[in-house]
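Asker: Fold the following and give me the result.
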Amino acid sequence: MTHQQRPSPYPDRSGVVGQAGFAGRSAFVDLAHRSHRVIVEHQHPSGAYPASPTFSAYQGFAWFRDGSFTAEGISRYGDVASADRFHDWVNGVLTSRQAQIEALVAAAAAGQEVPVERMLPTRFTLSGGEGSVEWWDFQTDGYGMWLWAVTTHARRHGLNLERWRAGMELCVDYVAAFWDRPCYDWWEEHLEQRHVSTLGALYGGLTAVVASGALDDVRTARASQIAAEIRKLTLDEGVRGGHLTKWLGTDAVDASLAACVVPFGLVDVDDPIAAATLDAIAADLDVDGGVHRFSADVFYGGGQWLLLSALQGWNRAVAGDHAAARRYLTWIAERATDRGELPEQVPDHLLAPEHRAEWIERWGPVATPLLWSHGMYLILADELGLLDTAHHGGVR
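Answerer: Below is the predicted model:
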């Protein structure tokens, strides 16, 4: 089913979301339609999904990380064409940098110390270029996420991965060369650490591409080997008190760790480490269904992030706790604006309220809409059976 076959989303109903309450199925479904519309209305002609079309620091840029989860939500919604265009964009970004990637991989193979400044960026302009403003650029998680997203999308809809094979090969080569190097985390912090959520994303991407059968034997073997090394390293050095940790060697948790369970499968849903990790996140970072990033967060005062509530809900749904998952979905839906737009975070239960004003002065109001929030809403709504499931082909 394509999105053209769905009912017209949100026709002249600007006040239907907001704080009016989400007691019935139809309101959740309406917000799913609205989420799809927000995403596709802002998708660039290149296929890129801008992180946020209005937020000063994100406007005009796209991340593989945000885009991969947004594309997954769009794929589940059934808009194959939109997701295809995003994957085309990523493939083009990678293939246009083939010489750079090959040079980086060769330098690593020769034992050369490659400076951070030479690494691939984490964010790109919507046309696939590199921005002129300095950013916290060396992050590898998005490259693993894209491998997971493109293979999952293709499997769900019975698509031929040959369309994106060139980019996938380059992506695997890059990840294989630099997977164990410290880099910035999901939140673009702590360049000096090896982050468990990053390792989980790389594991998820490598195992997904191996399972797809799309690569040659040499790359398949290499990807399998590195995935095994990632898992061993994480279990050896990234588990404390029975749960996964924010980075190797710490006791702290981070809400992004839930992705190491679902969707990336670094630890299985039934593994006691998975349950302990989700429980640690809930205990340290979850207040009434709103999930903080990490306990020391000061960004915009350290609010609650909608996409992280969706990630926690996704995990609970897969584990069979649909009541808990629906509570997360409800919390997210009730934070939508009157226009049906989902922000990046909300100022509920701020961890560091004294820092909120400085960020507003620096970058303006919180990013609204954040396309990643809308993509995650679609994923969780789908897990709870609120989207038409005819298009899944047995794949969620």
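Asker: Please enumerate the strands of the stretch 51-200 of the chain.
Answerer: 61-63, 123-125 (DSSP state E, counting those that start in this stretch).
Asker: Most tightly packed of those?
Answerer: Per-stretch averages of neighbours, counted by mean count of other C-beta atoms under 10 Å, single out strand 61-63 among the strands of the stretch 51-200 of the chain, with a mean of 25. The way it works is simple: take the backbone N, C-alpha and C, and place the C-beta from them, glycine included.
Asker: Which strands or helices does that one pack on?
Answerer: Judged by 3 or more C-beta pairs under 8 Å, 6 or more residues apart in numbering; DSSP states H and E, the packing partners of strand 61-63 are strand 123-125.
Asker: With mean pLDDT and distance to residue 160 as added columns, please give the strands of the stretch 51-200 of the chain in JSON lines.
Answerer: As requested, these are arranged in JSON lines below (pLDDT from 0 to 100; distance: least, C-beta to C-beta, whole Å):
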{"stretch": "strand 61-63", "mean pLDDT": "97", "distance to residue 160": "24"}
{"stretch": "strand 123-125", "mean pLDDT": "94", "distance to residue 160": "25"}
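Asker: Residue 205 and residue 370: what is the separation?
Answerer: Distance of residue 205 to residue 370, given as C-beta to C-beta, to the nearest Å: 23 Å.
Asker: Redo the strands of the stretch 51-200 of the chain as JSON lines? Include distance to residue 293.
Answerer: As requested, these are exported to JSON lines (distance: least, C-beta to C-beta, whole Å):
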{"stretch": "strand 61-63", "distance to residue 293": "16"}
{"stretch": "strand 123-125", "distance to residue 293": "18"}
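Asker: Any idea which of those gets closest to residue 264?
Answerer: strand 61-63 (17.0 Å; C-beta to C-beta).
Asker: Tell me the strands beside that closest one, with direction?
Answerer: strand 123-125 (antiparallel) (DSSP bridges).
Asker: Please list the residues outside the partner strand that contact it.
Answerer: Residues from elsewhere that reach strand 123-125 (C-beta atoms under 8 Å, 6 or more residues apart in numbering): 48, 51, 60-63, 93, 130-131, 135, 137.
Asker: out of the residues you listed, who has the most neighbours?
Answerer: Greatest neighbour count in these, by other C-beta atoms under 10 Å, goes to residue 62: 28 neighbours.
Asker: any idea how far residue 80 is from residue 46?
Answerer: Distance from residue 46 to residue 80, by C-beta to C-beta: 18 Å.
Asker: sorry, that was for residue 115
Answerer: If you go by C-beta to C-beta, the gap between residue 115 and residue 80 works out to 40 Å.
Asker: ok, now residue 292?
Answerer: In terms of C-beta to C-beta, residue 292 sits 35 Å off from residue 80.
Asker: more neighbours, the two?
Answerer: residue 292 (25 against 19).
Asker: out of everything not next to it in sequence, what's closest to the more buried one?
Answerer: residue 285 (4.3 Å; C-beta to C-beta, 6 or more residues apart in numbering).
Asker: and what of residue 211?
Answerer: residue 151 (7.3 Å).
Asker: Residue 147 reaches residue 210, doesn't it?
Answerer: No. Under the criterion of C-beta atoms under 8 Å, residue 147 makes no contact with residue 210, lying 9.7 Å away.
Asker: which residues touch the spatially most central residue of the chain?
Answerer: Computing the C-alpha centroid of the chain and ranking residues by C-alpha atoms, centre = their mean puts residue 69 first, at 4.2 Å. By C-beta under 8 Å, 6+ apart, the residues touching residue 69 are 145, 149, 307, 372, 375-376, 379.
Asker: Swap in 7 Å and give it another go.
Answerer: 372, 375-376 (C-beta atoms under 7 Å, 6 or more residues apart in numbering).
Asker: now residue 199
Answerer: 230, 233-234 are the contacts of residue 199 under C-beta under 7 Å, 6+ apart.
Asker: Please repeat the previous calculation with a cut-off of 8 Å.
Answerer: Here residue 199 is in contact with 179, 230, 233-234, 238, 260, 266 (C-beta under 8 Å, 6+ apart).
Asker: just to revisit the earlier point, which one's more surrounded, residue 205 and residue 370?
Answerer: Ranked by neighbour count (other C-beta under 10 Å), residue 205 and residue 370 place residue 205 first, with 31 against 28.
Asker: My read is that that one contacts residue 144, right?
Answerer: Yes. In this structure, residue 205 is within contact of residue 144 by C-beta under 8 Å, at 3.3 Å.
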